[in-house]
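Peer 1: Have a look at this prediction, sequence included:
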Amino acid sequence: MSLYRGRFAPTPSGPLHFGSLVAALGSFLDARHAGGEWRLRIEDVDPPRCPPGAADTILHQLEAFGLHWDGDVEYQRQHDAAYQAALEQLVDAGLAYPCSCSRKQWRDYAIYPGWCRHGVSEPDKPQAWRLRSDLGLRPVIWHDRLFGLQHFDPAELGDVVLKRKDGLWAYQLAVVVDDAAQGISDVVRGLDLLDNTPWQRQLQAALGYPEPRYLHLPLIVAANGQKLSKQNLAPALPHDDSAALRRLLHRALLALDQAPDSTAAEAPVAEQLASAIRHWDPRRLSPERHRRDTS
Ligand code: GLU
């Protein structure tokens, strides 16, 4: 049995861009260097945000970069029953509650003030389900492999939504249920998710799941300092131009401080990856929060 099982868990809201390539590559290299497995999970719990075909495009892009995953691709849309069972477990433990409040009602507060904790305020209205962040594991303390000791009080972050009013599952619950169901030992992902981890640790503790190791990677921002995202039109990655692919992979390795020799930029992706797997060392990553992509 493998002691290391990692995963890449993209939301298919569009094709991968350079920032998501770096996250995929970091988790891939960490898994392969450890001789572990690397799984792929498509986080499509929010269909209105996921245009048709985007998931397939991501699969093709990963393959083009030589980032081959183990086992079958998992799709969150097929995991409804598991999320429902987890929600019921939380409700039975008194750690989740229905809430009819709208964002507009609590707009003067930094976080949701918990009005429905002891009974739904307006039972005739649609209801979301929230986590009792005040009753779960507190404080939440863990060690990030790059950013070191983390210490949060989830109650200061608020009662996060687990299931939305429109019936869709929220990322926080889905990611925790799936990581546990898939036996994920190591979560390697972008730094934008570090401050989501306290809720995820609370959920893991409440549901009796093991604690994965965490490595959050610096975020790649555009040369002008802006976040790369589909919203600000970070260019989609090519998947059919091998010279461009090779250079992009090289740039992604540079962004992860895995300093390949500049001549490697022209090498086939399989060759660049084989060398990067051998030499992968996350201690070379500098723990700055943002990394400008100036190449
Ligand atoms: N689906 C999330 C995203 O694309 C990532 C989930 C995770 O790695 O925990 O931002």
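Peer 2: Everything's here; your move.
Peer 1: Across the sheet, point out what pairs with the residue of the stretch 101-250 of the chain found nearest the ligand.
Peer 2: Closest approach between the stretch 101-250 of the chain and the ligand, counting by Cβ to the nearest ligand atom: R189, at 3.6 Å. The C-beta positions use only the backbone N, C-alpha and C, and glycine is treated the same way. Counting by DSSP bridges, R189 forms beta bridges with H216.
Peer 1: who's in contact with it?
Peer 2: A9, A23, S27, H216, L217 (Cβ atoms under 8 Å, 6 or more residues apart in numbering).
Peer 1: How about G6?
Peer 2: Contacts for G6 were tallied using Cβ under 8 Å, 6+ apart; they are 27-28, 30-31, 36-39, 184-188.
Peer 1: quick one: which of these is nearest S275?
Peer 2: F28 (13.7 Å; Cβ to Cβ).
Peer 1: just to confirm, which helix or strand has that closest one in it?
Peer 2: helix 18-33 (DSSP states H and E).
Peer 1: Give me the next element, helix or strand, following that helix.
Peer 2: By DSSP H and E, the next helix or strand past helix 18-33 is strand 37-42.
Peer 1: and the helix holding F28 with strand 37-42, angle?
Peer 2: 150 degrees (axes from the mean of the first three to the mean of the last three Cα atoms, to 10 degrees).
Peer 1: interface residues of this structure facing the ligand?
Peer 2: Contact residues, the chain versus the ligand (Cβ under 6 Å from any ligand atom): A9, P10, T11, E43, V175, R189, L193.
Peer 1: how about JSON lines for the contacts of R189, with neighbour count and pLDDT added?
Peer 2: Formatted as JSON lines, the contacts of R189 follow (neighbours: other Cβ atoms under 10 Å; pLDDT from 0 to 100):
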{"residue": "A9", "neighbour count": "24", "pLDDT": "98"}
{"residue": "A23", "neighbour count": "25", "pLDDT": "96"}
{"residue": "S27", "neighbour count": "24", "pLDDT": "98"}
{"residue": "H216", "neighbour count": "25", "pLDDT": "97"}
{"residue": "L217", "neighbour count": "27", "pLDDT": "96"}
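Peer 1: wait, which of these is closest to G208?
Peer 2: A9 (21.5 Å).
Peer 1: before we move on, the earlier item: make CSV out of the contacts of R189 and add distance to R103.
Peer 2: Output for the contacts of R189, formatted as CSV (distance: Cβ to Cβ, whole Å):
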residue, distance to R103
A9, 26
A23, 29
S27, 33
H216, 28
L217, 31
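Peer 1: Go through those residues and name the one nearest V161.
Peer 2: Using Cβ to Cβ, A9 comes nearest to V161 of the contacts of R189, at 18.8 Å.
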